[in-house]
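Participant: for reference, the sequence and a predicted model appear below.
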Amino acid sequence: MKRRAVLLSLPVPQQVCGIKIFMKNKVIANIIYSAAITFVIEVILVLVLSGTILQNSVMEILLFVSLGIVLFAVIFWLFLRRSYDYITKINDAVRDIAAGKLDTRLDIEGDNEFSEIALDINNMAGDIKKLMDKERESERTKNELITNIAHDLRTPLTSIIGYLELLSLKTDIPEEQRRQYTDIAYTKARKLQKLIEDLFGFTKLTYGKIAMKVERIDIVKLLSQMMDEFYPGFMEKGLKYELTSNVNSAVISADGTLIARLFDNLINNAIKYGSDGKRIDVKIHASQQTVDIAVINYGKVIPEEELPHLFEKFYRVEQSRNKNTGGTGLGLAIAKSIVDMHDGQIHVESDLRGTRFIVRLKVNFDENREHFESTDI
């Protein structure tokens, strides 16, 4: 709760400062308008009453001065009243938001500085609410993560212990069978190691334990190098591959290490599950503000109802398929975490034209800015 209070209090002084500056200008303008109108009315009254009231008398002077003060005050209040009421609403809304009432919204009245401030306050409240909901969801998923960890670690560990106990207790096992059991235990241990490494990386990415090192990187050059590095994997699966781009170079602001891991996971995923299609395509399309990268495989079509869940941790489309490929269920979750850290977007499409993982990254990414939401690709 202390963290929320800090977040809520940060934007408020800027809005209040804007109100004060605008109010100063508004008051000055109202004073000028009120004085001008009062002056006109005073002149008219002088012309009308000058014939009935003794000229140059003290009573005449006092009368006109008093009347001018009253007229000025009334006219000034009429000019200022609507703005004052709106300021009161804005002030009450800011107090409610600071108190945690994040559903508070202001009606947008008119088209001036006050309406712009009200709109900014509404946007601020919505952004903070989204951030708080995200934090609550993060807390909820921690318990879910612990449950999934226990299950995914227990399965290979139980198998390893079983084979090692068998090898330890039975001394009369034939050498060939002993070697087979040893190989199985070793394979299970490697899978367990991979799961732990992925899990460790995922938790660091998800819960903000990694300090980003943002620099200018050429995404076309990076992916070209990575495709060459994957050549043995492509050949092993009998896959052809191609990298295409609408530009020769596309320089973006990003953490090079994390971006490399992002596409390492996506390309590995394409190799594992797209080998039936005999081809992997990586397509780059750069624009002035963003770069889109599509990693495409032509394997089995993923059911539409499964697509929204692919980036969830430990989610598998097919359990048997996962066992054959050795996946941990964390690769795509890690990929999404890296994209989110770069204020980017990632989504997947799958049909008879192939399965396409499409990533959009900003050309000029600001790591110091808090990002609440992203536009759709």
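Facilitator: Here it is on my side, so go on.
Participant: for this protein, where's the lowest mean pLDDT among helices and strands?
Facilitator: Lowest by mean pLDDT, DSSP states H and E among the helices and strands of the chain is helix 2-9, with a mean of 38.
Participant: so for the helix or strand containing K272, what gets flagged as buried?
Facilitator: Taking DSSP states H and E as the definition, K272 sits inside helix 256-273. Residues 256, 258-273 are the ones in helix 256-273 that count as buried (16 or more other Cβ atoms under 10 Å). Backbone N, C-alpha and C define where each C-beta goes, glycine included.
Participant: what about K213, how many residues nearby?
Facilitator: The number of residues packed near K213 is 11, by other Cβ atoms under 10 Å.
Participant: do the same with L102
Facilitator: Neighbours around L102, by other Cβ under 10 Å: 20.
Participant: correct me if wrong, but it is in a strand.
Facilitator: No. Read with DSSP: H, G, I helix; E, B strand; the rest coil, L102 is coil and lies in no strand.
Participant: grab the nearest non-local neighbour of it.
Facilitator: Nearest in space to L102, with sequence neighbours left out and distances taken as Cβ to Cβ, 6 or more residues apart in numbering, is K129 at 4.0 Å.
Participant: name the helices or strands packed onto the helix or strand hosting the one you found?
Facilitator: Element membership of K129 [criterion: DSSP H and E] is helix 113-169. Contacts defined by 3 or more Cβ pairs under 8 Å, 6 or more residues apart in numbering; DSSP states H and E place helix 113-169 against helix 2-9, helix 12-49, helix 58-98, helix 175-206.
Participant: and the angle for it with helix 175-206?
Facilitator: When axes from the mean of the first three to the mean of the last three Cα atoms, to 10 degrees is applied, the directions of helix 113-169 and helix 175-206 differ by 160 degrees.
Participant: so for helix 113-169, mean pLDDT?
Facilitator: What helix 113-169 shows for mean pLDDT is 79.
Participant: ok, now stretch 239-258?
Facilitator: Stretch 239-258 comes out with an average pLDDT of 92.
Participant: end-to-end on that stretch?
Facilitator: 26 Å (Cα to Cα, to the nearest Å).
Participant: list the buried ones in it?
Facilitator: So for stretch 239-258, counting by 16+ other Cβ under 10 Å, buried means 239, 241, 243, 245, 250, 252-256, 258.
Participant: these in strands, which ones?
Facilitator: Those of the buried residues of stretch 239-258 mapping onto strands are 241, 243, 245, 252-255, per DSSP state E.
Participant: quick one: which two of those are the most distant?
Facilitator: Farthest-apart pair in these is Y241 and S253; separation 27.5 Å (Cβ to Cβ).
Participant: kindly report the domain assignment for this structure.
Facilitator: Domain assignment for the chain by automatic domain parsing gives 2-134, 212-377.
Participant: where in the stretch 201-350 of the chain is pLDDT low?
Facilitator: 202, 206-210, 314-329 (pLDDT under 70).
Participant: where do the helices sit along it?
Facilitator: With helices called from DSSP state H, counting those that start in this stretch, the stretch 201-350 of the chain shows them at 219-229, 231-236, 256-273, 319-325, 331-341.
Participant: to D103, which of the ones you listed lies closest?
Facilitator: Minimum separation from D103 across the helices of the stretch 201-350 of the chain (Cβ to Cβ) falls at helix 331-341, 25.2 Å.
Participant: now the angle from that closest one to helix 175-206?
Facilitator: Using the same axes, to 10 degrees: helix 331-341 against helix 175-206 is 20 degrees.
Participant: re earlier: among the ones in strands among the buried residues of stretch 239-258, which one sits closest to F200?
Facilitator: Distances from F200 to these, taken by Cβ to Cβ, are shortest for D255, at 17.7 Å.
Participant: so who does the closest residue to that closest one other than its chain neighbours touch?
Facilitator: Using Cβ to Cβ, 6+ apart and skipping residues adjacent in sequence, the residue nearest D255 is M212, 4.6 Å away. Residues in contact with M212 (Cβ atoms under 8 Å, 6 or more residues apart in numbering) are 255, 258, 341, 367.
Participant: wait, the second one sits on S337?
Facilitator: Put plainly, it is L258. No. Using Cβ atoms under 8 Å as the test, L258 is too far from S337 to be in contact (9.1 Å).
Participant: overlap in contacts, those two.
Facilitator: L205.
Participant: one step back: okay, the ones in strands among the buried residues of stretch 239-258 in JSON lines with distance to V291 next?
Facilitator: Below are those laid out as JSON lines (distance: Cβ to Cβ, whole Å):
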{"residue": "Y241", "distance to V291": "20"}
{"residue": "L243", "distance to V291": "14"}
{"residue": "S245", "distance to V291": "9"}
{"residue": "I252", "distance to V291": "6"}
{"residue": "S253", "distance to V291": "11"}
{"residue": "A254", "distance to V291": "10"}
{"residue": "D255", "distance to V291": "15"}
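Participant: from the residues you listed, which is closest to L167?
Facilitator: Of all these, L167 sits closest to Y241, with 41.7 Å by Cβ to Cβ.
Participant: next, give phi and psi for D107.
Facilitator: phi -70, psi 130 (degrees, to the nearest 10).
Participant: got a list of what it touches?
Facilitator: Contacts for D107 (Cβ under 8 Å, 6+ apart) come out as 89, 118.
Participant: how close does it sit to K130?
Facilitator: Distance, D107 to K130, by Cβ to Cβ, to the nearest Å: 21 Å.
Participant: again, but for D281
Facilitator: Counting by Cβ to Cβ - D281 and K130 are separated by 35 Å.
Participant: okay, the two: which has more neighbours?
Facilitator: D281 (19 against 13).
Participant: look up the closest residue to the more buried one, ignoring the ones flanking it.
Facilitator: I296 (4.3 Å).
Participant: what is the neighbour count of that neighbour?
Facilitator: Neighbours of I296 (other Cβ under 10 Å): 20.
Participant: can you check the one 10 residues further on too?
Facilitator: For E306, the number of neighbouring residues by other Cβ under 10 Å comes to 14.
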